[in-house]
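Asker: generate coordinates for the sequence data below:
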Amino acid sequence: MYIFSSFNLYNKELYNDSPMHHAFDKSKPYLSELKSREEKNLNCEINFTDNIDKLIECRHLSSQYILDSLSDEDTGKVDLNKFSSKDIIANRITSNIEELYEQLQLQAKEIYFIPNNEFGICLSKIFKSMERKSENTQSILLESFNHAMAIRLRIKENENDNTKRYVISVYDPNMTNVTVRCEVDDLVKVRDFQVKDFINHHLFGNFYKSYYPTESSEISTLYICKKPANESVPECTGKKITFYDWIALPASSINLYTFLIEGFSQKIKNLKNQLEIIYKKNPEKLMEILTAKSPDGIMGFEQALLNDHADAINAFGELLQLVPENKRSELLVNNKKTNYTLFDIVCYREKNKTTMAFKNIVSLISKNERYKLIESKVNILDTVINSLITQKDSSHLNEIFELISLAPEEHVINLLSNIDITQYLEHPLYHNDAKSINIIAKMLNGLSEKGRENIPWIRKLDESLVDIYIQLGKKEAVAAYRELLALKPGTLKESK
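Answerer: Numbering: from 1, shown residues only. As a prediction, this is how the structure comes out:
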């Protein structure tokens, strides 16, 4: 799709060769020479060739731009012809760019979280840091709450007159084949720039307003990127990133949303004192902030679960305790119509830390309200239990059952009545996995006898398996299975 641009276009030949034109002012953001090209918006217009169900989105295009820039250590220049058509992009950007995008964030040298009107101050600080370290280029991932862009910084030195030029290039995937550029001879001139100075806006649409729709959402996260390491990133890497900000940002729903989706657990904790003061003056304002939603209604808490930000979830739990217990569930129940629940998200997560963090949150809710967070729309529990039993992941299995057990008994019975664990029990018997069987028995022991009678699969427990697996020498697993059989309605005495 071709687009309209609000920026001046610099044509090198025109301004160099014609005496009719004044010198082009490069100190204001402009589009670099396009020659025969026109600006295109190919964002979300192309599918991955190796995963045709997935679109190449803004974070993928921005990540590729950054990777291209990082590959040229001298100038950081990016060949924009490689972003000029659907075919070219599809042939060079594969689905593993998603992992590289995550690595650019996790392995970032520094992170800046800034109000957009302080963009120039932030860039001037980065330029000064580059000078101290004798670096010529820097690649940056720039994100709003719903959009990813890229920045390339360069310091050009003129050895003849010992002067410097500071170059800023901003790449917006919604102008896929161009960058907005400027260069100045003094860092003082950089300080006045705002994010909106580099974002397209014109008669037919305002990109900036779609990235930052409200005044409170005019906040950006800047990741100072380095080449992603080949080795896998440790889970704790995110905690070690130094977080910089020099302005006391007010507590707001969008700021808390951003901290949750980015996993900035310490910044969440740092809000506590501010929020305590707000609660004393205006309890409703505190509730508004703790909803932690984006302007389009997406829950930060939900995104933290999807991104496995367990530390951020636990930090959010500290803030949740500022609210009376009977009001906490209001902040966690998503009113938007979705095909899944928070519990479904947790069941899908492979990391036990995420399940533990969610369990901690549920435990903070009044008991008669907890069922709202342990509901399922996709009936995934069967599959999850089977997977954890098969993998002998007893720790994660235990966390899932402890999470379920936090709900009122009638809700636990309802969940367990819709699954059938008996079909999976031969696996732990065969592998002599007593732990998994003991965990199931422990959960059932927490229910009343009358409650267990309402779970159909308990009646299906097969006593004949005892003799089979005793003969196979699976003594520990059989002993655990006998404990399970003792909970079978109508067979309690016989099992003993």
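
Asker: rest of the way, CA atoms for contacts and neighbours
Answerer: OK.

Asker: just want the most central residue of the chain.
Answerer: Nearest to the geometric centre of the chain sits N307, at 4.1 Å (CA atoms, centre = their mean).

Asker: what about the closest residue to that residue other than its chain neighbours, distance to I89?
Answerer: Leaving out its chain neighbours, the residue that sits closest to N307 by CA to CA, 6 or more residues apart in numbering is I261, at 7.1 Å. Distance, I261 to I89, by CA to CA, to the nearest Å: 28 Å.

Asker: give me the buried positions along the helix or strand in which K269 is found.
Answerer: K269 is part of helix 265-270 when elements are defined by DSSP states H and E. Under the neighbour-count criterion of 16 or more other CA atoms under 10 Å, helix 265-270 has S265, K267, I268, K269 buried.

Asker: separation between the residue nearest to the centre of the chain and S144?
Answerer: To S144, N307 is 17 Å away according to CA to CA.

Asker: same thing with E476?
Answerer: For E476 relative to S144 (CA to CA), the value is 54 Å.

Asker: again, but for Q303
Answerer: For Q303, the distance to S144 - CA to CA - is 15 Å.

Asker: any idea how far E302 lies from R191?
Answerer: Taken as CA to CA, the span from E302 to R191 is 36 Å.

Asker: so which of the two has more stuff around it?
Answerer: Neighbour totals were compared for E302 and R191, and E302 leads with 23 against 17 (other CA atoms under 10 Å).

Asker: show the subsequent helix or strand relative to the strand or helix carrying that one.
Answerer: If you go by DSSP H and E, E302 is part of helix 300-306. Later in the chain than helix 300-306, the nearest helix or strand by DSSP H and E is helix 310-320.

Asker: so which elements touch that next one?
Answerer: helix 253-262, helix 265-270, helix 272-281, helix 300-306, helix 352-363 (3 or more CA pairs under 8 Å, 6 or more residues apart in numbering; DSSP states H and E).

Asker: just these: most buried one?
Answerer: Ranked by mean neighbour count, those are led by helix 253-262 with a mean of 25 (mean count of other CA atoms under 10 Å).

Asker: quick one: distance of that helix to the chain centre.
Answerer: On the basis of CA atoms, centre = their mean, to the nearest Å, helix 253-262 sits 10 Å off its chain's mean C-alpha point.

Asker: cool, and stretch 384-392?
Answerer: 26 Å.

Asker: which residues does that stretch contact?
Answerer: C347, Y348, S394, H396, L397, I421, Y424, H427, P428, D433, S436 (CA atoms under 8 Å, 6 or more residues apart in numbering).

Asker: correct me, but the fourth one touches R349?
Answerer: No. With contact taken as CA atoms under 8 Å, H396 and R349 are classed as non-touching, separated by 10.3 Å.

Asker: what sits in contact with each of those two?
Answerer: Residues touching both H396 and R349 by CA under 8 Å, 6+ apart: T355.

Asker: which SS class is the nearest residue to S169 once chain neighbours are set aside?
Answerer: Spatially, and ignoring its direct neighbours in sequence, S169 is nearest to R181 (4.3 Å; CA to CA, 6+ apart). Per DSSP: H, G, I helix; E, B strand; the rest coil, the secondary structure class of R181 is strand.

Asker: sheet partners, orientation included, of the longest strand along the chain?
Answerer: Taking DSSP state E as the criterion, the chain has its longest strand at strand 148-158. Here strand 148-158 has these sheet partners by DSSP bridges: strand 137-143 (antiparallel), strand 163-171 (antiparallel).

Asker: in that strand, what's buried?
Answerer: For strand 148-158, by 16+ other CA under 10 Å, it's A148, M149, A150, I151, R152, L153, R154, I155, K156.

Asker: returning to that earlier point: okay, the residue nearest to the centre of the chain: pLDDT?
Answerer: The per-residue pLDDT reported for N307 equals 91.

Asker: on that earlier part again, make TSV out of the buried residues of helix 265-270 and add pLDDT.
Answerer: Output for the buried residues of helix 265-270, formatted as TSV (pLDDT from 0 to 100):
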residue	pLDDT
S265	91
K267	88
I268	93
K269	92
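
Asker: any regions of the protein where pLDDT drops low?
Answerer: 1-23, 33-37, 202-205, 230-249, 491-496 (pLDDT under 70).

Asker: would you mind giving the domain segments of it?
Answerer: 8-217, 250-495 (automatic domain parsing).

Asker: hmm, back to that, which among the contacts of stretch 384-392 end up buried?
Answerer: Members of the contacts of stretch 384-392 classed as buried by 16+ other CA under 10 Å are C347, S394, H396, L397, I421, H427, P428, D433, S436.

Asker: got JSON lines for the residues you listed, with distance to T291 and secondary structure too?
Answerer: Below are the buried ones among the contacts of stretch 384-392 laid out as JSON lines (distance: CA to CA, whole Å; DSSP: H, G, I helix; E, B strand; the rest coil):
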{"residue": "C347", "distance to T291": "23", "secondary structure": "helix"}
{"residue": "S394", "distance to T291": "34", "secondary structure": "helix"}
{"residue": "H396", "distance to T291": "29", "secondary structure": "helix"}
{"residue": "L397", "distance to T291": "30", "secondary structure": "helix"}
{"residue": "I421", "distance to T291": "37", "secondary structure": "helix"}
{"residue": "H427", "distance to T291": "43", "secondary structure": "helix"}
{"residue": "P428", "distance to T291": "42", "secondary structure": "helix"}
{"residue": "D433", "distance to T291": "43", "secondary structure": "coil"}
{"residue": "S436", "distance to T291": "37", "secondary structure": "helix"}
